[in-house]
Structure formats: C-alpha cells, structure tokens
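Peer 1: Predicted model and sequence below, questions to follow.
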Amino acid sequence: MRQSQQNLLLLIPVLLFLASCGNLVSDQQESYWPIKEGSLYGFISSGGDRIIAPQFAYGVKFSEGLAAVNVGGTQTGIDIPTDGKWGFINLYGQYVINPKYFSPPNGGYPFDLNSLSLTMHQAYEFSEGLAAVRTESEWIYIDTAERVIIRNSEIKCPRKFSEGLAAVYINGKWGYIDKGGNQVIEPQFVLPADFHEGHARVMDEDGRWVVLNKKGQRILPQYRIESDFNEGLAVVQANFKQGEARYSSEFKYGLVDTLGRLLFEPQFDQIGRYGSGLAPVLVGSKGGENIPYYEQTRADSHIGGKWGFVDQRGQFIINPVFEDAKGFSEGIAAVKMGGLWGYMDAGGNMITGYEFRWVGYFHEGIAYVKLGPAHNDYDYRYAYIDRSGDVLWIEP
C-alpha cells in the first residue's frame, strides 16, 4: 500500500467529520446561524432570536450577507441533500438567487483518494465575492449578482476563495486558480487546504504534508509542519525519519515562524493551534506502541499526560492541569476536566463550568457545543452559546 493511501485511512474519519460539520458551524461571517428543528433548517441571530423560521431542507451558514438553502431535497441527517435545488437568501429570508442549482455529486463513503477529494468541496458559500455552485453538468463560480465568473468543465471539485486563490480538483489532483479562473499552481497534490496567512499545507503524492507559498513554492522543507500558520506560527515536529518505526514518545513538538526559525527546542508531546499569544501543549504522556512515523499523530499514540498553555518562549503561562485543551479563538479556549469541557479566557479564568460533552471554536461571539449532564433533560443535545456561556438555542 502506498504511503499516501495509509495516510488516507487515518485521515478519512477526521475529514468526513469536518466536511459534515463545517457548513454548520465554522468561520461565521455574519451574526446569523443555521438551526435545524425537526427536518427543516432556519436561522437565528446572535441574540438567540429566531430570525428566519425553519422552512428549508438544508441551510448553509451566512457568508457575505447571503446564505445558500436547499428546497425540495431529501433529508439525510446533517449531510447535504443529494437532490432538491439550491438558491441564496438574504438576511431577511428573501431569495436573491432563486433555487435552480443542483446538489454536489455524492459518490458514497470515500474508500480512495479520488472519492475522498470529491467530498471536499466548499460549495454554496460566498467568499471574496464568489461562490461555487453546481449546474446539471458542471461546477461554476458565480458572483452575488449571479453572473458566471469562472467556468471550467475540468473542475471536478471546487473550494472557496481564500486570499485570492481557490483549490480545485482537476484530473485527479489538486491545484489552485485565481479569481480570473487562471491556473496559478498546477494540479499536483492529493489533499488540499485553503490559504491562510499566505501559506497552505497540502499533501503531496508521497503522503507528506508540505507548506506552499502563494507562488506554489515549497517552504521549510527541513521540517515536518503539523499545523497551519496562525498568528505567524505553526507547529513543527522534530526527531522523525521517514519510514522509520519509532515509539511515539520520541517525537517532540515545537513552534516555528514563516522564516523557519524555531522559537524553542521541540520538547512537548503535542501542541495545539497557536492563538492569542498562547499554545496548548501536552506534557507527561506515555508513548503508545511502536508505530511508523506517518501514523504517529493518531489520537491514541499518547496516553495520559496533562495540557497547559505556553507562550512563544515555551514557558508555561497556564499550568498543565487539564485532560485536554484546544487553542484560543477570539480570546477564549476550551479545556477539559472530569471528562467534560468548559471555556476559559487568556488569563486562565473559567468563563463557563465544565458542562459540555463536545465544544467548537468561537466565531463572531458564538460557539457550537454538545450539552452535558448539567443541562438535565438537554444532555447530549447540540446548542449555540455566547461568550458568557449562556445558551442561545438548543436543538429540539
């Protein structure tokens, strides 16, 4: 089995989860969020008031003042319907673009890189003035006036524009186009990413994650970069050798800037996303079994240990006392104790109790969570909360 295929087997569950949830909860541009009540989708405001009553077969988050909705589609859980028609509504619930576009093709569970790539679209979401939509026979990019800006029949899967570029799937490989539809980075990668802070972390044909600049040049080849750049820093792994089987406890993590300068010697068992001047780090864990380097980031490769938060020097600002931790977003980070999650600020002060079974990042002051036993009859229900931890909406 090729190394890239081995990486695929590990990545599929994570990528499918992100694909199914991403349209619901990530990167909110406007203060309106989709809700699902019964079998229909509507939208609420940041104050928790229902603004657009549930009436659609599916609803995608608002972006740049518009939200894509599906009418007439068959409900398939949280997945995008495979039938029905798509249009766009404004913040008043009025159609700006009438429902006439088709649902993305769905090839079923992705057992190979090609079928996986076809699920990685970012359809029906305006970004930088353009959105990818599907006609009966092809993908196109339209603007908010529904003018066709990009038409290329070779595109089999499109992603949204980020920093002027969009990843597109052509002839079995991922590359990047500009807003004129011109190919800027030749299709050559097996898994894509959006550009963020001038860089994108993609997987090459050998199953290695590499970092590109906007010219398509690979940067920092001397490192194994383990995250996107955020606030100018990325997580880097040291002490690995390609193809060599070693204990996971031998791999250590640090932070690197875009010039390739290590901020401190890699020394932590794991590092999460850097933000608000802090990074969550794991210390004191035990290594798992003897596993090849390409599998070493499995969730079960580190047993035990505690999470805390360090600054750019690698010095602890918040002591390692947590069972798990996520990076800061909008000055708030999620931490886990006693099997449940809560939120704290950058000073280490808890904003909520440990009352959630699953937590998302904050966007525009709102986070998507799964409630825990403290919420009594609403245990295991998904909800939106604000920055104070107040519940704005709970799924029926």
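Peer 2: On my side now, so go ahead.
Peer 1: tell me the contacts of residue 149?
Peer 2: 130, 141-143, 179, 181 (CB atoms under 8 Å, 6 or more residues apart in numbering). Every C-beta, even on glycine, is put in place using the N, C-alpha and C of the backbone.
Peer 1: I misspoke; the intended subject was residue 231.
Peer 2: 197, 274-275, 277 are the contacts of residue 231 under CB under 8 Å, 6+ apart.
Peer 1: returning to that earlier point: of the contacts of residue 149, grab the buried ones for PyMOL.
Peer 2: Buried residues within the contacts of residue 149, by 16 or more other CB atoms under 10 Å, are selected in PyMOL with:
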select buried, resi 130+141+142+179
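Peer 1: In a markdown table: the contacts of residue 149, plus pLDDT, distance to residue 349 and secondary structure.
Peer 2: Shown next, in a markdown table, are the contacts of residue 149 (pLDDT from 0 to 100; distance: CB to CB, whole Å; DSSP: H, G, I helix; E, B strand; the rest coil):
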| residue | pLDDT | distance to residue 349 | secondary structure |
| --- | --- | --- | --- |
| 130 | 98 | 41 | strand |
| 141 | 98 | 45 | strand |
| 142 | 98 | 46 | strand |
| 143 | 98 | 45 | coil |
| 179 | 97 | 43 | coil |
| 181 | 97 | 49 | coil |
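Peer 1: so which of the contacts of residue 149 comes closest to residue 341?
Peer 2: Nearest to residue 341, judged by CB to CB, of the contacts of residue 149 is residue 130 at 35.9 Å.
Peer 1: Can you name the residues that contact the residue lying closest to that closest one once chain neighbours are set aside?
Peer 2: Leaving aside its sequence neighbours, residue 130 sits nearest to residue 141 (CB to CB, 6 or more residues apart in numbering; 4.6 Å). By CB under 8 Å, 6+ apart, residue 141 lies in contact with 130-133, 148-151, 158, 166, 181.
Peer 1: out of those, which one sits closest to residue 89?
Peer 2: If you rank the contacts of residue 141 by distance to residue 89 using CB to CB, residue 131 comes first, at 13.0 Å.
Peer 1: Bridged to the closest one, which residues?
Peer 2: Beta bridges link residue 131 to residue 142, judged by DSSP bridges.
Peer 1: Please tell me how far it sits from residue 169.
Peer 2: The spacing between residue 131 and residue 169, counted by CB to CB, to the nearest Å, is 17 Å.
Peer 1: now swap in residue 32 and tell me
Peer 2: 30 Å.
Peer 1: what does residue 75 give?
Peer 2: Taken as CB to CB, the span from residue 75 to residue 169 is 27 Å.
Peer 1: Those two: which has the busier surroundings?
Peer 2: Shown here are residue 75 and residue 169; by other CB atoms under 10 Å, residue 169 has more neighbours (23 against 16).
Peer 1: Could you pull up the residues touching that one?
Peer 2: Contact analysis of residue 169 by CB under 8 Å, 6+ apart lists 117-118, 120, 155-158, 187, 192.
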